[in-house]
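**Student:** What shape does this take:
(one chain, ligands or ions: 1)
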Amino acid sequence: MPAGLSRFGAEERRRLAVEACRMLERLRRHGAGPDGSVSRLVYTPEWQAAMDEVALWLSEGGLEVRTDAVGSRFGRLAGELPEVVLTGSHMDSVRGGGAYDGVLGVVMAGCAVRWLAAHLGRPRRTLEVFANCEEESSRFHCNFWGSRALAGLIEPGESERLRDASGTSLAEAMSACGFDPARIPEARRSDLVAYLEPHIEQGPVLFQANQVIGVVDRIVGLRMLTVDLDGMAGHAGTIPMAHRRDALTGAAEVALGTERIARRRGAPTVATVGSLVVQPGGFNQVPGAAELTIDFRHPEEQVLDELESELRQLVAGVAASRNLTARVERRLGQRPVHFDERLCAALEAACAEAAVPWRRMPSHAGHDAQLIGTLCPAAMFFVPSRDGHSHRPDERTEPEHIGAGIEVLVRALVQIAYAEP
Ligand SMILES: [Zn+2]
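**Tutor:** Below you'll find the model as predicted:
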């Protein structure tokens, strides 16, 4: 173990937690709302200000800062080898979100690499902090924009096609911030050998179990479907109950049945009916058509297949009993992602060295690491979210957990970037 690591103890952790919280406060100002929320959407002035602020902080820590073609920032600590170990997360937020989702991962990564630069000096492999421009899809439906750019997964013409609520295209928004959409392919990386993403949990598991680190070994798979039910619209007064073909009551049965499917299967299965649109939607009209969206998540692809087939049977039964016509369509399928076992083991060894209570767990939300994992081995770890809250103004992680997380990241990066590859 490098001698510099012996500095670590309660005092060093506290000092790092203070530094991280100070930086979080600096960043919180960019996009802050009166209710304590943060709305920092990509390619807006507040986003630009936060990106500049983080770049300044990284360069103050002795890192060489670079901006890529889509606006992500990288703080580099050059090693003996050009191959890069990347660590960080995203800088954008949802609308009305908090000050921790994404940004805390960037700040923890920045604290860890700045610490390594100051105390251990030049690594064997090059280290880079990743301040990703966009992950949340909160302004454009751009779906992991920054990490897709790194992975070369942005399609030609996509930036012209995607528009925000006011009609501005992503390409126009990029240009307004000084980025040339024609250069997007230049963001692609071929020098990455590992990616570690620290992130808040966004759920209650660690908080309730009094654990500090969640070593994330996979991201659950996702299946999104729509169910369309067609019956017969008509007068709410004149159509007798026996003659009705009410699409909404059918949809209600499908929604409750979907919940039953998930409960019967048990944890970690989750199923959500997130939206229900009814036509014609009048007070005095029998609903003739209804569309529901269904979101299933589970770590095994085979279980997702079974959930989908149970749903199809359910819908067919409801349609037959209520004389409706039904259509089930798969809108999105994301396979479960398994993270790199060696990186997970490095994180666990780091938790053990730091004497921090941890557990292995899946992530139920999507993250940059699943895209960057297509380029190089990747893994994530979570720190607790108070009460499991996320994507809301009262999102919070305790400073002591932030300090512990930074120490774990430092120790993991020592194994990955300072030891002989
Ligand atoms: Zn996030």
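
**Student:** Please enumerate the strands of the stretch 51-200 of the chain.
**Tutor:** 64-67, 73-77, 81-90, 125-132, 192-200 (DSSP state E, counting those that start in this stretch).

**Student:** which helices and strands sit right next to the second one?
**Tutor:** Just to be clear, that refers to strand 73-77. Other helices and strands packing on strand 73-77, by 3 or more C-beta pairs under 8 Å, 6 or more residues apart in numbering; DSSP states H and E, are helix 45-60, strand 64-67, helix 103-119, strand 125-132. Where C-beta positions appear, they are placed from N, C-alpha and C, glycine not excepted.

**Student:** relative orientation of that strand and strand 81-90 in degrees?
**Tutor:** Angle, strand 73-77 to strand 81-90, by axes from the mean of the first three to the mean of the last three C-alpha atoms, to 10 degrees: 140 degrees.

**Student:** returning to what we had before: out of the helices and strands packed on strand 73-77, nearest to the ion?
**Tutor:** With C-beta to the ion as the criterion, the ion lies closest to helix 103-119 of those, at 7.4 Å.

**Student:** any idea how far the closest one is from the chain center?
**Tutor:** Averaging C-alpha positions (C-alpha atoms, centre = their mean, to the nearest Å) puts helix 103-119 20 Å from its chain's average.

**Student:** avg pLDDT for it?
**Tutor:** In this model, helix 103-119 has a mean pLDDT of 97.

**Student:** so what does that helix touch, helix or strand wise?
**Tutor:** Against helix 103-119 (3+ C-beta pairs under 8 Å, 6+ apart) you get helix 10-28, helix 45-60, strand 73-77, strand 81-90, strand 125-132, strand 192-200, helix 399-413.

**Student:** Now look at it and say if it contacts the ion.
**Tutor:** No: using C-beta under 5 Å from the ion, helix 103-119 never reaches the ion; the gap is at least 7.4 Å.

**Student:** Just give me the neighbour total for residue 118.
**Tutor:** The tally of other residues near residue 118 (other C-beta atoms under 10 Å) stands at 11.

**Student:** Quick check: the closest residue to residue 378 other than its chain neighbours vs residue 161, distance?
**Tutor:** Nearest residue to residue 378 in three dimensions, chain neighbours excluded: residue 195, at 4.1 Å (C-beta to C-beta, 6 or more residues apart in numbering). Going from residue 195 to residue 161 by C-beta to C-beta, to the nearest Å gives 28 Å.

**Student:** The residue nearest to residue 378 and residue 369 touch, don't they?
**Tutor:** Yes: counting by C-beta atoms under 8 Å, residue 369 is a contact partner of residue 195 at 6.1 Å.

**Student:** can you list the strands of the stretch 51-200 of the chain in CSV and add mean pLDDT, distance to the ion and mean neighbour count?
**Tutor:** Shown next, in CSV, are those (pLDDT from 0 to 100; distance: least, C-beta to the ion, whole Å; neighbours: other C-beta atoms under 10 Å):
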stretch, mean pLDDT, distance to the ion, mean neighbour count
strand 64-67, 98, 21, 15
strand 73-77, 98, 17, 23
strand 81-90, 98, 6, 24
strand 125-132, 98, 9, 27
strand 192-200, 98, 6, 26
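
**Student:** And those strands: which comes nearest residue 52?
**Tutor:** strand 73-77 (8.8 Å; C-beta to C-beta).

**Student:** Report the strands that pair with that closest one, each with its relative direction.
**Tutor:** Pairing partners of strand 73-77, with direction, according to DSSP bridges: strand 64-67 (antiparallel), strand 125-132 (antiparallel).

**Student:** Up against the ion, what does this structure have?
**Tutor:** 101, 102.

**Student:** what about the chain, any weak spots by pLDDT?
**Tutor:** The chain contains residues with pLDDT under 70 at 1, 421.

**Student:** Let me see the contact set for the residue most central in space within it.
**Tutor:** In the chain, the centroid-proximal residue (C-alpha atoms, centre = their mean) is residue 367; its distance is 3.3 Å. Applying C-beta atoms under 8 Å, 6 or more residues apart in numbering, one finds that residue 367 lies in contact with 89, 135, 197, 199, 219, 380.

**Student:** How about residue 339?
**Tutor:** With C-beta under 8 Å, 6+ apart, residue 339 has these contacts: 216, 217, 218, 219, 369, 373, 377, 378, 379, 380.

**Student:** Ok, residue 180 next?
**Tutor:** Residues in contact with residue 180 (C-beta under 8 Å, 6+ apart) are 69, 174.

**Student:** Please name the nearest non-neighbouring residue to the residue of the stretch 201-350 of the chain found nearest the ion.
**Tutor:** Nearest to the ion, among the residues of the stretch 201-350 of the chain, is residue 202, at 7.2 Å (C-beta to the ion). Excluding its sequence neighbours, the residue lying closest to residue 202 (C-beta to C-beta, 6+ apart) is residue 390, at 3.6 Å.

**Student:** re the thing from before, out of the contacts of residue 339, which are inside helices?
**Tutor:** Taking DSSP state H as the definition of helices, the contacts of residue 339 contribute residue 369.

**Student:** before we move on, back to that, what would the strands of the stretch 51-200 of the chain look like in a markdown table with distance to residue 176?
**Tutor:** As requested, the strands of the stretch 51-200 of the chain are arranged in a markdown table below (distance: least, C-beta to C-beta, whole Å):
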| stretch | distance to residue 176 |
| --- | --- |
| strand 64-67 | 15 |
| strand 73-77 | 18 |
| strand 81-90 | 20 |
| strand 125-132 | 19 |
| strand 192-200 | 29 |
